[in-house]
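Participant: Here is a sequence together with a model predicted from it:
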Amino acid sequence: MKNPYLGYQKTIDFYDCDTHIINDCDIIETTLLEAAKIMELTVVNTTIHSFSPIGVSGVIVIKESHIAIHTWPEHGYVAIDIFTCSPDHTLDNGISFLQERFKASRITQKEILRGNLSQIKNTNPIKNEF
């Protein structure tokens, strides 16, 4: 079995970000789209929402799965999840770009393996049944 997992998720916490940048819906969307391009991910759809009085949440649906963002400008904090269906994607350059764009003084990252195929009873793909 080539890939023993169905999904590979990376969570990134950005701290001490520029409050104005992470509260601007247009900047967030442009930044995430550029990061997806840097990471060589294929964008399918984008939904970004600005909350009142502050904060932004959004999802970039990518062919490989998704990028999700939630911002807390009052704390200078941004949470991002990048979920892909393959471990082969190099995300580091895109994450560095995001850190620079948000002006984050520090970040933390975690990797999560999702959908362990050894735990899934039916590992045979369904073909043309839908």
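Facilitator: Perfect, thanks for sending it.

Participant: Not counting its own residues, what contacts stretch 20-37?
Facilitator: Stretch 20-37 is touched from outside by 42-43, 46, 48-50, 54-56, 58, 60, 62, 67, 69, 71, 73, 76, 78, 94-95, 97-98, 101-103, with contacts defined as CB atoms under 8 Å, 6 or more residues apart in numbering. Just so you know, the C-beta spots here come from the backbone N, C-alpha and C atoms, and that holds for glycine as well.

Participant: Okay, buried residues for that stretch please.
Facilitator: Residues 21, 22, 23, 24, 27, 28, 29, 31, 32, 33, 35, 36 are the ones in stretch 20-37 that count as buried (16 or more other CB atoms under 10 Å).

Participant: Stretch 69-83 too?
Facilitator: Those would be 69, 71, 72, 73, 76, 77, 78, 80, 81, 82, 83, for stretch 69-83 by 16+ other CB under 10 Å.

Participant: any idea of the mean pLDDT in that stretch?
Facilitator: For stretch 69-83, mean pLDDT rounds to 98.

Participant: Where does pLDDT dip in this structure?
Facilitator: 1-2, 123-130 (pLDDT under 70).

Participant: can you pull out the helices in the protein?
Facilitator: Ranges of helices in the chain, per DSSP state H, are 25-38, 92-102.

Participant: Out of these, which gets nearest to residue 118?
Facilitator: Of all these, it is helix 92-102 that lies closest to residue 118, at 28.1 Å by CB to CB.

Participant: if we compare the helices of the chain, which one ends up closest to residue 11?
Facilitator: It's helix 92-102; of the helices of the chain, that one is closest to residue 11 (CB to CB) at 10.9 Å.
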